[in-house]
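*Asks:* What shape does this take:
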Amino acid sequence: MTKTVVALYDDFPSAQRTVQDLADADFRRDDISLMANNADGIYSDEAGTAAVGTPTAAAPTAATDDTSGTATGAGIGAAVGGIGGLLVGLGALAIPGIGPVVAAGPLAATLVGAGTGALAGGLIGALTDAGVPEEEAGYYAEGVRRGGTLVAVRADEADVDRAAALMERHDPVDIETRASQWRESGWTGFDAEAAPYTAAEMTQDRAATTGAATAERTGDREAHIPIVEENVQVGKREVERGGVRVRSYVTERPVDEAIQLRDETVHVERRPVDRPADPAEAGEAFKERWVEVKETDEEAVISKEARVVEEVVVGKDAETREEHIRDKVRRTDVEVENIEDTNAPRAPETPRRP
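*Replies:* Predicted structure coming up:
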């Protein structure tokens, strides 16, 4: 199973060195793609370029010598250097929304072979066909539109990490960060209908996104190297480190108590008596009367009283501690080295006396 590893570079020389490293590491040259924005014509010997899928006589898509991989045909200039000897199918194209580019490898072949269908998909379609997620493909297309150079390589799954490490050697663009910078300026996504960037607009955009003006690729060059130094700011924030959760709930326990209860029973007893009635009894003896005797029983009565027997108090204490923060800050330094002129005439050596 193969995967496509993609990287975007702000300058062509970095992309060119990446292609060379990939080729030196035995990645097949017909698996390596390169696409460079050519809005300023630095890579073209002639003014015209071929539209994607529609080669013209004025600027044909470059033919390739199958034995050497060297690009031939109008539209490719010497500034491309040795790329034509490394990659297959190097040619000059025009892509909707991006403008003129020079391209080589499978991506170029996909665009040229798509014919008019490439107008709908363009570079995003070629990248998604190669397995790149569509959103990420849009980032790379926008990067080429703004003057970047794209390098892609098809690699077996076992070689993906090795290819990525080689491409990281030459400081590729962090595409997610760069897309965030574009969004901050109002960009909402790659638009194939948008007008291509001019060389001046690319220079201005690069200065805004990288913080340094990009030197023009023609004539005398001027490079601006910013000296950047990091500062450390130590702050503090609150983080949760655990704690205590207290739950109150109800339990029951059985109670077994003994109590003495009294029960009354009424009983009636007739006793035989033989005696004369006294005068008091005689007066009441022949009157009708009622006598009631009621039985009374005791029964158990349960009453409950709630009493506070313990309190659980939840609180926290705070203490202050001092912690020493150790880290590293980076600073860019510039080292200037004089390059010896190997073509300057040398002073004749003074013969030594014996």
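
*Asks:* shouldn't Met167 be in contact with Thr18?
*Replies:* Yes: Met167 lies in contact with Thr18 (Cβ atoms under 8 Å); the separation is 5.4 Å. Just so you know, the C-beta spots here come from the backbone N, C-alpha and C atoms, and that holds for glycine as well.

*Asks:* who touches both of these two?
*Replies:* Jointly contacting Met167 and Thr18 under the rule Cβ atoms under 8 Å, 6 or more residues apart in numbering are 7, 151.

*Asks:* Count the neighbours of Gln181 for me.
*Replies:* 14 (other Cβ atoms under 10 Å).

*Asks:* Could I get the phi/psi values of it?
*Replies:* phi -60, psi -40 (degrees, to the nearest 10).

*Asks:* Following element in sequence after the helix or strand that contains Leu127, please.
*Replies:* Assessed by DSSP states H and E, Leu127 sits inside helix 118-129. Where DSSP H and E defines the elements, the next helix or strand beyond helix 118-129 is helix 134-145.

*Asks:* which strands and helices sit next to that next one?
*Replies:* Contacts defined by 3 or more Cβ pairs under 8 Å, 6 or more residues apart in numbering; DSSP states H and E place helix 134-145 against strand 2-9, strand 32-37, helix 118-129, strand 149-156, helix 175-184.

*Asks:* between it and helix 175-184, how many degrees?
*Replies:* Helix 134-145 runs at 70 degrees relative to helix 175-184, counting by axes from the mean of the first three to the mean of the last three Cα atoms, to 10 degrees.

*Asks:* re the thing from before, so can I have CSV of the helices and strands packed on helix 134-145 showing mean pLDDT?
*Replies:* Below are the helices and strands packed on helix 134-145 laid out as CSV (pLDDT from 0 to 100):
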stretch, mean pLDDT
strand 2-9, 93
strand 32-37, 92
helix 118-129, 74
strand 149-156, 94
helix 175-184, 92
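
*Asks:* Export those as TSV, with columns for distance to Lys236.
*Replies:* Converted to TSV, those look like this (distance: least, Cβ to Cβ, whole Å):
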stretch	distance to Lys236
strand 2-9	38
strand 32-37	47
helix 118-129	45
strand 149-156	44
helix 175-184	27
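
*Asks:* of all these, which lies closest to Ala306?
*Replies:* Each of the helices and strands packed on helix 134-145 has some distance to Ala306 by Cβ to Cβ; the shortest is helix 175-184, at 63.7 Å.

*Asks:* if we can go back for a sec, mind checking which of the helices and strands packed on helix 134-145 is nearest Gly105?
*Replies:* strand 32-37 (3.2 Å).

*Asks:* Now do the closest one against helix 134-145, angle only.
*Replies:* Using the same axes, to 10 degrees: strand 32-37 against helix 134-145 is 50 degrees.
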